[in-house]
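K.L.:
Got a sequence here, can you model it:
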Amino acid sequence: MDILKFALRKLINGIPLILGVTFISFLLMVYFGPDKTYELLGKNPTAEEIAEIRHELGYDQPFFKRYAHYLKEMVTLDFGHSEATGEKVSSILKRTMPISLLVILPGFILGNVIAILLGLVAAWYRGTWVDKTIMVGSVIGMSISFLVVIIAFQILLSSSYGLGWFPVRGWEVHDIPSYIYYVTVPTLATVFVALGYNTRFYRAVLVEEMGKDHVRTARAFGAPPRSIMLKGVLKNAMVPIITRIMFSIPLVVVSGSLLIESYFGIPGVGKVTFDAITGGDQPILKAIVGLTAVLFVLVLIATDILYRVFDPRVELK
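P.N.:
Numbers count the residues shown, from 1 in each chain. The predicted structure is shown next:
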């Protein structure tokens, strides 16, 4: 019950954040976004035709009236219709969001789990060749562009110049084997890039925790390495680890899925967002920005609750 009250209170406190993000983004789209007026008109339109189109698009309404309508769309989850296809935006999101989750989740989960394990190994063997090897690999992963990694894995595993085991583009998923067939290359690319940044961060956090008195005492009394690292080090380092994992979710959902899906031709939210940006499809952009702001607030709430789960000393305020 306390958790529910806390979540509700945090959600209410997050409303100003949602309003701020949506207001700024809506302001930029209204005054700096594409104007569809002349795309819908023929050559040499009359003043009456221009006024009629602007009225149909809602451009002639006051800014705050348009913003209030946008907020109503967010509350009702009715963002109107795509200007490019005419399909309801809510239907587009309902169709594409599950695909994006299927594409992003394997790489996101594996990237963090493997990075934590490598961080544990590097922290335990700090200063040895094992630690140095892991850190060199992390630096290499950090120094290579995500796009370059995607292209490299695609050439190596998908093209006729490489192994040709997986498809270059597309998403024809009907069962688990076909899912593995299409998701493998995007997952490997995501994991490769994520390992560099995540491993260095987790190693730093775990090394700091290993310097605590309770860990030195456990090692002095001959406690098994596995027990020390999992119970004495990892468990007590979960707060910064949770923070990094949770706060990377909105970034991964937006930028990660956008790059992967647009390059591999996967019909998820990222591909839809990319097409909306290049085509100036404002209803879709407004929906994505608004829902991302809500996602960030939900991540804040979930993060505070997870703090409490892993560290009873943390109070829900």
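K.L.:
List the buried residues in stretch 157-174.
P.N.:
Neighbour-count burial for stretch 157-174 flags 157-158, 166-167, 171, 173 (criterion: 16 or more other C-beta atoms under 10 Å). Using the backbone N, CA and C atoms, a C-beta is placed for each residue, glycine as well.
K.L.:
Could you single out the nearest of those residues to T199?
P.N.:
Nearest to T199 among those is L157, at 22.6 Å by C-beta to C-beta.
K.L.:
so what's the closest one up against?
P.N.:
163-166, 184-185, 188 (C-beta atoms under 8 Å, 6 or more residues apart in numbering).
K.L.:
Next, P45: phi, psi?
P.N.:
With angles defined as degrees, to the nearest 10, P45 sits at phi -70, psi 150.
K.L.:
Tell me, how many residues neighbour it?
P.N.:
15 (other C-beta atoms under 10 Å).
K.L.:
Same check on the one 10 residues further on?
P.N.:
By the other C-beta under 10 Å criterion, the neighbourhood of H55 contains 11 residues.
K.L.:
How confident was the prediction at the nearest residue to S25 once chain neighbours are set aside?
P.N.:
Spatial nearest neighbour of S25, excluding adjacent residues (C-beta to C-beta, 6 or more residues apart in numbering): V289 at 4.3 Å. Looking at V289, its pLDDT reads 78.
K.L.:
Was I right to think V289 contacts V21?
P.N.:
Yes. Using C-beta atoms under 8 Å, V289 makes contact with V21 at a distance of 7.1 Å.
K.L.:
Of the contacts of L157, which one scores lowest on pLDDT?
P.N.:
G164 (78).
K.L.:
Name the helix or strand for it, please.
P.N.:
For G164, there is no enclosing helix or strand under DSSP states H and E.
K.L.:
which helices and strands does the host helix or strand of G20 pack with?
P.N.:
Counting by DSSP H and E, the element that carries G20 is helix 15-32. On a contact count with 3 or more C-beta pairs under 8 Å, 6 or more residues apart in numbering; DSSP states H and E, helix 15-32 meets helix 63-76, helix 282-310.
K.L.:
nearest to K271, of the contacts of L157?
P.N.:
Closest to K271, out of all of those and judged by C-beta to C-beta, is V185, at 15.8 Å.
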